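*Asks:* Okay, predicted coordinates and the sequence, questions at the end:
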Amino acid sequence: MSIDFNDEHENAGQDTSLRLIITPQPKAERAREPVTRSRGLVRGQFPSTKMKRMIAWESQLEQKACYHFEFSPAVVSFREQPLTLSFPTQKGLGKYTPDFELILHDGEICYVEVKPLSKLRSPQVMERLQLAHQFLAEKGYNFIVLTDEELNFPNRIRNFSILRPYLRFEIPVQILEQAKAWMTHTSDPTLEAISGFLGLQSTAFALLAQLHIGFDFDEPLCHTSSLFTPVNGDHHHETSLFAYRTGPDFK
């Protein structure tokens, strides 16, 4: 996030309210982020099946955020550095560019800031986040912050990385129904067992990636991984795989 001061002014917004279903989150593992020698930044491109394009990220935390957005059904679309907003502050006109914009399943818009948790201890950073929160709230936008506490889950990221290519696989309806029926009648379903039943591990991976069949994302995916049938119902499209922080204190 950056807030600068200039003489420009832009208004944007609509009436929204964030409603993401959050599953219980384990305690995150802390890890030092490696950096390049150039300005201390790590940059790259995330190949998004959901967006059908490469998404630019500027830190490994942003890359991890992309994985969570990609796999969460609650997030219909996402884009990086979507726009720059200008708003009045005590020092003049503030200028803010969010890290990401999310469009949720019901059309709501949510702006996202990705920051290491240690940065939130800075009074200057907190002041800027609160200014952005206040301005966006007045315009009817949601504003959330994601830190390493919400994003740094090595096993989950590894599993996302393994399954991401299978998000684009088309699963025939007949195969999907057969897999669901098999899950219902199998006492101890595992990845190895369903792969054997389907005849292809890639089909099993596609079922997991697209959340037709569940497993513990925070345990390493392997042949003996236990599977379960997700309780989708009418709220499957609202499922989010990440927790988040909201203003004004972002705790």
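*Replies:* Good, I have the coordinates.

*Asks:* Do I have it right that residue 67 meets residue 162?
*Replies:* No: using Cβ atoms under 8 Å, residue 67 is not in contact with residue 162, being 11.1 Å away. For glycine as for every other residue, the C-beta is placed from the backbone atoms N, C-alpha and C.

*Asks:* out of the two, which sits in the busier spot?
*Replies:* residue 67 (23 against 14; other Cβ atoms under 10 Å).

*Asks:* In three-state terms, label that one for me.
*Replies:* Taken by DSSP: H, G, I helix; E, B strand; the rest coil, the conformation at residue 67 corresponds to helix.

*Asks:* In stretch 91-101, which residues are buried?
*Replies:* Neighbour counts over stretch 91-101 (16 or more other Cβ atoms under 10 Å) mark 94, 95, 96, 97, 98, 99, 100, 101 as buried.

*Asks:* cool, stretch 136-153 as well?
*Replies:* Under the neighbour-count criterion of 16+ other Cβ under 10 Å, stretch 136-153 has 136-137, 139, 141-153 buried.

*Asks:* of those, the lowest pLDDT goes to which?
*Replies:* In terms of pLDDT, the lowest of the buried residues of stretch 136-153 is residue 139, showing 88.

*Asks:* Tell me how far it lies from residue 83.
*Replies:* 12 Å (Cβ to Cβ, to the nearest Å).

*Asks:* name the element residue 77 belongs to?
*Replies:* strand 75-80 (DSSP states H and E).

*Asks:* now for that strand, which elements pack on it?
*Replies:* Applying 3 or more Cβ pairs under 8 Å, 6 or more residues apart in numbering; DSSP states H and E, one finds that strand 75-80 makes contact with strand 53-57, helix 60-71, strand 100-104.

*Asks:* try 6 Å
*Replies:* Judged by 3 or more Cβ pairs under 6 Å, 6 or more residues apart in numbering; DSSP states H and E, strand 75-80 is in contact with strand 100-104.

*Asks:* I'd like to check the angle between the following helix or strand past the strand it packs on and strand 53-57, please.
*Replies:* Using DSSP H and E, the helix or strand that directly follows strand 100-104 along the chain is strand 109-114. Interaxial angle, strand 109-114 versus strand 53-57 (axes from the mean of the first three to the mean of the last three Cα atoms, to 10 degrees): 50 degrees.

*Asks:* got the contact list for strand 109-114?
*Replies:* Here strand 109-114 makes contact (Cβ atoms under 6 Å, 6 or more residues apart in numbering) with 1, 16, 18, 61-62, 65, 98-103, 136, 141-146.

*Asks:* how about it as PDB, C-alpha atoms only?
*Replies:* The C-alpha atoms that make up strand 109-114 are tabulated as PDB, following Å, rounded to 0.1, in the frame of the first residue of the first chain:
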ATOM      1  CA  ILE A 109     -16.500  -5.500  -4.200                       C
ATOM      2  CA  CYS A 110     -13.700  -5.900  -1.600                       C
ATOM      3  CA  TYR A 111     -10.300  -4.100  -1.700                       C
ATOM      4  CA  VAL A 112      -7.400  -5.900  -0.100                       C
ATOM      5  CA  GLU A 113      -4.100  -4.800   1.400                       C
ATOM      6  CA  VAL A 114      -1.400  -7.400   1.900                       C
END
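
*Asks:* Direction included, what does it pair against?
*Replies:* Applying DSSP bridges, strand 109-114 is found paired with strand 100-104 (antiparallel), strand 142-146 (parallel).

*Asks:* Tell me what angle that strand forms with strand 75-80.
*Replies:* Using the same axes, to 10 degrees: strand 109-114 against strand 75-80 is 50 degrees.

*Asks:* what comes into contact with the next helix or strand after strand 109-114?
*Replies:* Next helix or strand after strand 109-114 toward the C-terminus (DSSP H and E): helix 123-138. Contacts of helix 123-138 with the rest of the structure, by Cβ under 6 Å, 6+ apart, involve 3, 87, 89, 96, 111, 119, 143, 247, 248, 250.
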